[in-house]
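J.: fold the stuff below for me.
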Amino acid sequence: MNEGKKKLGAKDLIVTGIFAVLLLMAAMIGGGPFATVPTLTFYFPIGAAVLAGPIFMLFIAKVPKYGALAIVGAVLCILGTLTGMHWGMNFGFLVCSIIASIIAGIGKFKKPVLNLIAYLVYCIGPMGTYFVFFFNRESWISFMLKKGTEQEYIDKMSEVATGGMMVIMVVGTLVVGLLSGLLGLRLMRKQFIKAGIAS
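T.: Residues are numbered from 1 along each chain as shown. I've put the predicted structure just below:
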């Protein structure tokens, strides 16, 4: 039985939980400063992709099994819901993590190209809330006002919400995600394997 089809054990679940927290911290450290500024909030997915690449690659090397990434997505979704994040971001994390797991699993979590594509898909997750904002703005605003977001923040955010900004967000996230993912693969190859952290 290949690694990708083995069931998740107790140790795997513990490691998965730890990496879910690490990936969340990477997103908050890299993207958080942008999210607090209404005119820069659309750069959150770009910032969130900066630090997570090496963590993501190490995670799928440590737990190369179907379901692990889905659990990460579920944890991020739950934590996001509990902290009042828009459902689009929470749902985006969950769905993209599941799709990423499927993509990486096709190569039994050992194919660098597929793992890189999986990471890019994972990076799309946080954009869910912004896609809702662009395509169903009234619904987004209503939801966030109920969650306590100030009208002034939303007004300033709306001022920079152009089609060009959406392109910058998507392309920027994919480019940064690509670079971060490649760095992760490089570290896996030269450092993690040498140190015996991953096989």
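J.: just the helices from this structure, written as ranges.
T.: For the chain, the helices defined by DSSP state H cover 10-35, 44-62, 68-82, 87-106, 112-124, 128-135, 137-146, 151-159, 163-187.
J.: run a quick neighbour tally on the residue nearest to I103 when sequence neighbours are not counted.
T.: Closest residue in space to I103, ignoring its immediate chain neighbours: A118 at 4.3 Å, by CB to CB, 6 or more residues apart in numbering. (Glycine included, C-beta is placed from N, CA and C.) The number of residues packed near A118 is 28, by other CB atoms under 10 Å.
J.: can you pull the contacts of A118?
T.: Each residue near A118 by CB atoms under 8 Å, 6 or more residues apart in numbering is listed here: I60, L69, A100, S101, I103, A104.
J.: where does this structure dip in pLDDT?
T.: Applying pLDDT under 70 to the chain picks out residues 1-5, 191-199.
J.: repeat that with 90
T.: 1-8, 83-85, 187-199 (pLDDT under 90).
J.: still on that earlier bit, most packed of the helices of the chain?
T.: helix 44-62 (a mean of 24; mean count of other CB atoms under 10 Å).
J.: what's that helix packed up against?
T.: On a contact count with 3 or more CB pairs under 8 Å, 6 or more residues apart in numbering; DSSP states H and E, helix 44-62 meets helix 10-35, helix 68-82, helix 112-124, helix 163-187.
J.: if we go to 7 Å?
T.: Of the remaining helices and strands, those touching helix 44-62 by 3 or more CB pairs under 7 Å, 6 or more residues apart in numbering; DSSP states H and E are helix 10-35, helix 112-124, helix 163-187.
J.: mind putting those helices into JSON lines with distance to T83?
T.: JSON lines is the format used below for those (distance: least, CB to CB, whole Å):
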{"stretch": "helix 10-35", "distance to T83": "10"}
{"stretch": "helix 112-124", "distance to T83": "20"}
{"stretch": "helix 163-187", "distance to T83": "21"}
